[in-house]
Structures are given as structure tokens and as C-alpha cells.
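Participant: Structure, please.
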Amino acid sequence: MNTYKYSDGGRSKYFKGKNAGDCVVRAIAIALELDYKYVYDEIAKRNKLEYGKKTARDGVYKKIYDKFLKENGWVWHSAPKFDGRKAYHRDMPKGVVIGRMAKHLVAIKDGVVYDTFDSRHKMIYGYWAIPTVG
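Facilitator: Numbering: from 1, shown residues only. Predicted structure coming up:
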């Protein structure tokens, strides 16, 4: 089974270019199934209000996307711990999550990484997910 799928989250409908530094917007748009431009505009607006930089590219502070995800019902979880190794995409729970890697966010659906490059080699520090009932 292929555990990587190329996805720009819908960016190509609105912007040209491949290297946009927009992993936060991309991961959120994919995982929450929201329109890329809506997420881009919302994150850029919040970035401008908080830090004076109206963009959602080339890095977004954790404080910005953390608040957005919480407002949408997502909850932060530390990555699972293993003896002798770190967590990777394959260790994430079933369903849809957003994994936080070193300087990168990625959407993961049932163990499949959705990204513009194959980031499966990067370890996961933690993830956001919708709480399950039960």
C-alpha cells in the first residue's frame, strides 16, 4: 500500500508555483476539508493581527494555527512513545490527523501522508485530531 499521496490542498486553483512554504494552510485545508483560499485568508488575517505580517506562507506561528484548530474542534495530542524510536506517520491513529514534524505540518488520513513532497521520513512530535466519542 502506498502511504504517500501528492496533494497541494487546492493551492493550484488559486496560486501558481510549487514551493510556497504553505504547509500549515495545506494540512488544514486537506484535513478539515476546507477550501484552500478560505484557510489561507483566515490564517493570513490572524497572522497580520498578531504579528503584522499578512501572509500564510514561509512559516506561521504555532499560536495562530493552534487557535484556529481548537476553534474548529481539534485537540492536540502528544505523539505515541515507543521504546528505542520516535513516532512516524504510520503510528498515528486511524482517521484524519494533522501531524507536527520539525518545521512542518502534514495531513495524514488512515496512515497516508497527503503533502507536496514525501515527508514520511520525518518523525512526528504530536498531532491534532477530532475527539472521538466513546
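Participant: Going by C-alpha atoms from here, please, whenever you check contacts or count neighbours.
Facilitator: Noted.
Participant: Which residue is the nearest non-sequential neighbour of residue 117?
Facilitator: Nearest-residue entry for residue 117: residue 6, 6.7 Å, with adjacent residues in sequence omitted and distances by C-alpha to C-alpha, 6 or more residues apart in numbering.
Participant: Test my guess that that neighbour contacts residue 119.
Facilitator: No. Checked against C-alpha atoms under 8 Å, the pair residue 6 and residue 119 is beyond contact range at 10.5 Å.
Participant: more crowded one of those two?
Facilitator: When residue 6 and residue 119 are compared for neighbours, residue 119 comes out ahead with 17 against 11, by other C-alpha atoms under 10 Å.
Participant: Now do the contacts for the residue nearest to residue 117.
Facilitator: Residue 6 makes contact with 114-118, according to C-alpha atoms under 8 Å, 6 or more residues apart in numbering.
Participant: Just name the closest of these to residue 20, please.
Facilitator: Nearest to residue 20 out of those is residue 116 (C-alpha to C-alpha; 10.1 Å).
Participant: how many neighbours does residue 88 have?
Facilitator: Using other C-alpha under 10 Å, residue 88 has 20 other residues around it.
Participant: what pLDDT does the residue nearest to residue 117 get?
Facilitator: At residue 6, the model reports a pLDDT of 96.
Participant: For it, list each beta-bridge partner.
Facilitator: Residue 6 forms beta bridges with residue 115, as assigned by DSSP bridges.
Participant: quick one: low-confidence parts of this protein?
Facilitator: Along the chain, the model assigns pLDDT under 70 to residues 1, 133-134.
Participant: how does it look with 80?
Facilitator: The chain contains residues with pLDDT under 80 at 1, 17-20, 53, 58-59, 132-134.
Participant: can you give me the strands for it?
Facilitator: Taking DSSP state E as the criterion, the chain contains strands spanning 4-6, 75-78, 96-101, 104-109, 112-115, 126-129.
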